[in-house]
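Student: predicted coordinates and the sequence they were generated for:
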Amino acid sequence: MERAKFRQERVTNEAVTKRNEKKWLIRTGIRRFVTYLLHSQEFNVHLAGIYNKEMVHCRHTRLIAGVDAASRGKQ
């Protein structure tokens, strides 16, 4: 009887520990990961490259749209 009670307590403690680990991961771990990532020079260099390419693409798209509108006589 004592062994069964001990096993049940161990299983309960393991379940509580896993639940607490999941809560910590969601509440704290992800926030720490994102903060670390946003302050990472390596990540920001690549992000800046993507942003610059997007800006060039938007300018090009607007330029083409303007040329098309001008060729049709619109302003």
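Tutor: Yep, it's here.
Student: lowest-pLDDT helix or strand in this protein?
Tutor: Using mean pLDDT, DSSP states H and E, helix 2-24 stands out as the lowest-scoring helix or strand of the chain, at a mean of 84.
Student: heading C-terminal from it, find the next helix or strand.
Tutor: Counting by DSSP states H and E, the next helix or strand C-terminal to helix 2-24 is helix 30-38.
Student: outside of that next one, which residues touch it?
Tutor: With contacts defined as CB atoms under 8 Å, 6 or more residues apart in numbering, helix 30-38 is touched by 43, 44. In short, each C-beta sits where N, CA and C put it, glycine included.
Student: tell me what angle the least confident helix or strand of the chain forms with helix 30-38.
Tutor: Helix 2-24 runs at 40 degrees relative to helix 30-38, counting by axes from the mean of the first three to the mean of the last three CA atoms, to 10 degrees.
Student: quick check, distance from helix 2-24 to the centre of its chain.
Tutor: How far helix 2-24 lies from its chain's middle: 32 Å, per CA atoms, centre = their mean, to the nearest Å.
Student: where's the residue most central in space within the chain relative to residue 40, distance?
Tutor: Central residue of the chain (CA atoms, centre = their mean): residue 34, 6.7 Å from the mean position. Residue 34 sits 10 Å away from residue 40, taking CB to CB, to the nearest Å as the criterion.
Student: and this structure, split by domain according to the record?
Tutor: The record's domain parsing of the chain by automatic domain parsing lists 1-39, 41-75.
Student: how distant is the lengthiest helix in the chain from the center of its chain?
Tutor: Ordering each helix of the chain by length in residues (DSSP state H) puts helix 41-71 first. Here the centre of helix 41-71 is set off from its chain's centre by 23 Å, with CA atoms, centre = their mean.
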